[in-house]
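*Asks:* can't give you the sequence, but here's the structure:
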DNA sequence: TATTGTTATACTCTATAACTATA
DNA sequence: TATAGTTATAGAGTATAACAATA
């Protein structure tokens, strides 16, 4: 029934809304990454934690939270799961007994590698649509914006 | 204690990840919009629905869902709330008795206007950081990406 | 058979508040 | 007093599955 125009089109009001567009694109991309990470057994924010811990070599949870721009309670929960799966360990800090230092295990490094590859694959559809020079503009804007807005 | 470097910096691994950057920027902007919409009594997705219904003048819920790129069950729930608050009405379709046609009330149009202004104000911090020509690049990329990926 | 709308349910992501232990 | 981490809780945003009515 109905000779439907099969092209899905955004409502004009939404096609000019930064909030809507950023949100929907982010969700679409995250769905793709989530799917690709399933066989690896990771969720996107867990991969983020592994990446940051790897970047820092070893860091207090509070530092991880700061580098991810996430609340420390969120990081605690994510690290709980990663620790249970032996992807990282919590060590006591020698200099501040309140802190827990987080470090990747060999297994964690392996899963990080697999996860990164899977995520990269999942993002290929994005990069088939967004050209490298366009992405570089976007990337710089996004980083600037994220780092400019104070974490509440 | 500690002469802390107060600049919050992203972990390098995340500063090049489209998934992470899009997600975090979207959430930051949405938090700002959510805050600005509070006095108006709207959540961001509710404003989205009002905008789309206004764009379409009057439309079946399925059309609204398609134009928002949202699932129809999500739209049902959002419209439930908006209808209870008398911001829109559901009418029976004369041509297809399965459909419900949605239309803004005068109050709905008024709230839409207030909400749009509030959202625009909230996005000013974003536009202080992202230049108009940069945003135009981003906007086109985001629209292209959203419209290219088939809704699952 | 396929589509519209509804309902029940569930999941991801993330935060706030209150706490303990340190500093 | 302030910070690090934990726990309990909550909420926004969105989807899937199953269903009734209709096409």
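*Replies:* Looks like it came in fine. Predicted, not measured: the structure shown is a model, and the values here were computed from it.

*Asks:* any idea of the mean pLDDT for stretch A:40-49?
*Replies:* If you average the pLDDT over stretch A:40-49, you get 98.

*Asks:* do stretch A:104-111 as well
*Replies:* Per-residue pLDDT values across stretch A:104-111 average out to 98.

*Asks:* cool, and stretch A:8-25?
*Replies:* Stretch A:8-25 shows an average pLDDT of 96 in the prediction.

*Asks:* return the residues of chain A in contact with DNA strand D.
*Replies:* Applying the criterion Cβ under 7 Å from any atom of the strand, the portion of chain A that neighbours DNA strand D consists of A:1, A:23-24, A:27, A:60-62, A:65, A:72-73, A:76-77, A:79-80, A:90, A:96, A:98-101. All C-beta atoms are positioned from the backbone trio N, CA, C, and that covers glycine.

*Asks:* and the closest residue to residue A:93 other than its chain neighbours, what does it touch?
*Replies:* Beyond its immediate neighbours in the sequence, the residue positioned closest to residue A:93 (Cβ to Cβ, 6 or more residues apart in numbering or on different chains) is residue A:99, lying 3.9 Å away. Residues in contact with residue A:99 (Cβ atoms under 8 Å, 6 or more residues apart in numbering or on different chains) are A:60, A:61, A:62, A:93.

*Asks:* rewinding a little: filter the residues of chain A next to DNA strand D to the buried ones?
*Replies:* Under a neighbour-count criterion of 16 or more other Cβ atoms under 10 Å in any protein chain shown, the subset of the residues of chain A next to DNA strand D counted as buried comprises A:23, A:24, A:60, A:61, A:65, A:79, A:90, A:99, A:100, A:101.

*Asks:* my guess is the third one contacts residue A:91, does it?
*Replies:* No - using Cβ atoms under 8 Å, residue A:60 and residue A:91 do not qualify as a contacting pair, with a distance of 10.0 Å.

*Asks:* what touches both of the two?
*Replies:* What both residue A:60 and residue A:91 touch, as defined by Cβ under 8 Å, 6+ apart, is the set A:100, A:101, A:102.

*Asks:* and the last one, that one's in a strand?
*Replies:* Yes - with the criterion set as DSSP: H, G, I helix; E, B strand; the rest coil, the secondary structure at residue A:102 is a strand.

*Asks:* enumerate the beta-bridge partners assigned to it.
*Replies:* For residue A:102, the beta-bridge assignment (DSSP bridges) gives partners residue A:59, residue A:90.

*Asks:* burial measure for it, as a count.
*Replies:* 24 (other Cβ atoms under 10 Å in any protein chain shown).

*Asks:* what's near enough to touch it?
*Replies:* Contact analysis of residue A:102 by Cβ under 8 Å, 6+ apart lists A:53, A:58, A:59, A:60, A:61, A:64, A:79, A:88, A:89, A:90, A:91.

*Asks:* residues of stretch A:61-71 that come out buried?
*Replies:* By neighbour count on 16+ other Cβ under 10 Å, the buried set for stretch A:61-71 is A:61, A:63, A:64, A:65, A:66, A:67, A:68, A:69, A:70.

*Asks:* and these, which of them are in helices?
*Replies:* Secondary structure assignment by DSSP state H places A:61, A:63, A:64, A:65, A:66, A:67, A:68 of the buried residues of stretch A:61-71 in helices.

*Asks:* mind putting the residues you listed in TSV, pLDDT included?
*Replies:* Shown next, in TSV, are these (pLDDT from 0 to 100):
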residue	pLDDT
A:61	98
A:63	98
A:64	98
A:65	98
A:66	97
A:67	97
A:68	97
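
*Asks:* mind putting these in JSON lines, distance to DNA strand C included?
*Replies:* JSON lines is the format used below for those (distance: Cβ to the nearest atom of the strand, whole Å):
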{"residue": "A:61", "distance to DNA strand C": "13"}
{"residue": "A:63", "distance to DNA strand C": "15"}
{"residue": "A:64", "distance to DNA strand C": "12"}
{"residue": "A:65", "distance to DNA strand C": "8"}
{"residue": "A:66", "distance to DNA strand C": "11"}
{"residue": "A:67", "distance to DNA strand C": "13"}
{"residue": "A:68", "distance to DNA strand C": "8"}
